[in-house]
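Chemist: Next come a sequence and a model predicted from it.
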Amino acid sequence: MVKLIGAALILFAGTMIGFVQASRFASRPNQIRQLIYALTRLETEIGYGFTPLPEAISRSAAMLQEPAAGLFRAVGRRLDEQSELTFRECWEQAAAEIWPNTAMRQPEQAALVRLGSTLGISDREDQMKHLKLAIQQLHAEEENAREDASRFSKMWKSLGVLTALLVVILIL
């Protein structure tokens, strides 16, 4: 009886590990899409609303979902609290802070860091160009993420179940 309960728990745990990994692959394109939307809102605030960058960051954060809202809130908080830091430093620290809590990968982070190094140091038109470039890069990454999700999501689900089943067979 104890072996049967243990086998069921191992099978359940392995299955859940596979499903968690699959959900990370599935959520990555959605998070990239949210980040694209966030940058589009920021572009609108800067380009058409003539809003100063710190205020544009705060306004945009209020309209976004996680994880993009977390990034913008962290940038806004750092700008308010630590006036000795440049915008670039605030942006990079915020990205490093929220990145472990996302399903996104290094290419998306690199695009954001590049964007952060150019925002706030040039005129409005130049900032809009850099935002459009970052949005284009993220669109390409979103397409790659969709392909990865369709390819690896099923694999991780099956791998979790089959690995747990193998362990159960070896134990019994």
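Modeler: Cool, got the structure. Note that this is a predicted model, so its numbers are computed, not measured.
Chemist: And the helices in the protein, which stretches?
Modeler: Under the criterion DSSP state H, the chain carries helices at the ranges 2-47, 53-62, 68-81, 87-98, 106-118, 124-171.
Chemist: Turn those into CSV, including mean neighbour count and mean pLDDT.
Modeler: The way it works is simple: take the backbone N, C-alpha and C, and place the C-beta from them, glycine included. Conversion of the helices of the chain to CSV gives the following (neighbours: other Cβ atoms under 10 Å; pLDDT from 0 to 100):
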stretch, mean neighbour count, mean pLDDT
helix 2-47, 17, 88
helix 53-62, 19, 83
helix 68-81, 20, 84
helix 87-98, 19, 86
helix 106-118, 18, 85
helix 124-171, 16, 88
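Chemist: measure Leu9 to Ile17 for me?
Modeler: Distance check for Leu9 against Ile17: by Cβ to Cβ, to the nearest Å, it reads 13 Å.
Chemist: what are the C-alpha coordinates of stretch 146-166, in PDB please?
Modeler: Below are the C-alpha coordinates for stretch 146-166, written out as PDB (Å, rounded to 0.1, in the frame of the first residue of the first chain):
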ATOM      1  CA  ARG A 146       5.700  30.800 -30.400                       C
ATOM      2  CA  GLU A 147       7.600  28.200 -32.500                       C
ATOM      3  CA  ASP A 148       9.400  27.000 -29.300                       C
ATOM      4  CA  ALA A 149       6.200  26.800 -27.400                       C
ATOM      5  CA  SER A 150       4.500  24.600 -30.100                       C
ATOM      6  CA  ARG A 151       7.600  22.500 -30.400                       C
ATOM      7  CA  PHE A 152       8.600  22.000 -26.800                       C
ATOM      8  CA  SER A 153       5.400  22.300 -24.800                       C
ATOM      9  CA  LYS A 154       4.200  18.800 -25.700                       C
ATOM     10  CA  MET A 155       7.600  17.400 -25.300                       C
ATOM     11  CA  TRP A 156       8.000  18.600 -21.700                       C
ATOM     12  CA  LYS A 157       4.500  17.300 -20.800                       C
ATOM     13  CA  SER A 158       5.300  13.800 -22.200                       C
ATOM     14  CA  LEU A 159       8.800  13.900 -20.700                       C
ATOM     15  CA  GLY A 160       7.500  14.600 -17.200                       C
ATOM     16  CA  VAL A 161       5.000  11.800 -17.300                       C
ATOM     17  CA  LEU A 162       7.400   9.300 -18.900                       C
ATOM     18  CA  THR A 163      10.300  10.100 -16.600                       C
ATOM     19  CA  ALA A 164       8.100   9.700 -13.500                       C
ATOM     20  CA  LEU A 165       6.700   6.400 -15.000                       C
ATOM     21  CA  LEU A 166      10.300   5.200 -15.500                       C
END
